[in-house]
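Enquirer: Show me the folded form of this:
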Amino acid sequence: MKRVTEFEVWSKPGGALPAEFGKAIQGHVWGCGVAPDVFLGVSNIPDESDVCALESLIEQSPAEEQRFLSFCRSRGLTARRGDATSAARYIEFVQGCCVAWIHLPSGPDERALLRKIEAAISPFDLIVRSP
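Expert: Numbers count the residues shown, from 1 in each chain. Prediction:
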């Protein structure tokens with residue numbers, strides 16, 4: 001079994017991407033010479049984990065709840081902490097969101113392949129992070 005180093009590709013805070021953005025860009029990245037098993041676009045489908053992330057954010061900073069409610073009202077979202085879609089959109093706005101996974105094969109070409117991936121995603125204003 002070959003060893004891999006795991007990375008994630010994230011949007012920057014302040015934006016709002018379509019739920020299928022990661023899937024949409026993976027073809028571009030593959031076309032730049034990155035293997036499909038190395039770069040996997042993911043969907044950003046709101047779920048209970050977004051509600052938990054929002055709750056955690058509010059626990060850390062109670063003022064965050066007013067920012068969340070204001071954010072929802074300004075965008076026509078349901079202004080309720082338990083709403084997964086509203087929570088996901090707010091978390092994405094505040095922290096960005098994961099749009100792809102990278103499974104980088106360990107070895108002498110690892111850094112060059114990571115640079116190739118970074119070049120391929122640069123038009124989309126995304127960042128590579130360690131999970």
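
Enquirer: Can you tell me the centre-most residue of this protein?
Expert: Note on the chain: the residue nearest the mean C-alpha position is Cys98, at 1.6 Å, using Cα atoms, centre = their mean.

Enquirer: which residues sit in contact with the nearest residue to that residue once chain neighbours are set aside?
Expert: Here the nearest residue to Cys98 in space, its sequence neighbours aside, is Glu8; by Cβ to Cβ, 6 or more residues apart in numbering that works out to 4.9 Å. Every residue, glycine included, has its C-beta placed from N, CA and C. Residues in contact with Glu8, defined by Cβ atoms under 8 Å, 6 or more residues apart in numbering, are Cys98, Ala100, Trp101, Ile102, Val128, Arg129, Ser130, Pro131.

Enquirer: By pLDDT, give me the weakest of the residues you listed.
Expert: Ranked by pLDDT, the contacts of Glu8 bottom out at Pro131 (74).

Enquirer: returning to that earlier point: verify the assumption that the residue nearest to Cys98 is located in a strand.
Expert: Yes: membership of Glu8 in a strand is supported by DSSP: H, G, I helix; E, B strand; the rest coil.

Enquirer: Any idea what it is bridged to?
Expert: On the basis of DSSP bridges, Glu8 is bridged to Trp101, Arg129.

Enquirer: Retrieve the pLDDT associated with it.
Expert: We have a pLDDT of 96 for Glu8.

Enquirer: can you confirm Leu77 is in a helix?
Expert: No: using three-state DSSP, the assignment for Leu77 is coil, not a helix.

Enquirer: In contact with it, which residues?
Expert: Phe71, Asp83, Thr85, Ser86, Arg89.

Enquirer: what's the closest non-adjacent residue to the third one?
Expert: In this case it means Thr85. The shortest distance from Thr85 to any non-neighbouring residue, by Cβ to Cβ, 6+ apart, is to Pro46 (4.6 Å).

Enquirer: Please report how far that neighbour lies from Pro13.
Expert: Per Cβ to Cβ, to the nearest Å, Pro46 is found 17 Å from Pro13.

Enquirer: who has more neighbours, those two?
Expert: Taking neighbours as other Cβ atoms under 10 Å, Pro46 and Pro13 compare with Pro46 leading, 17 against 12.
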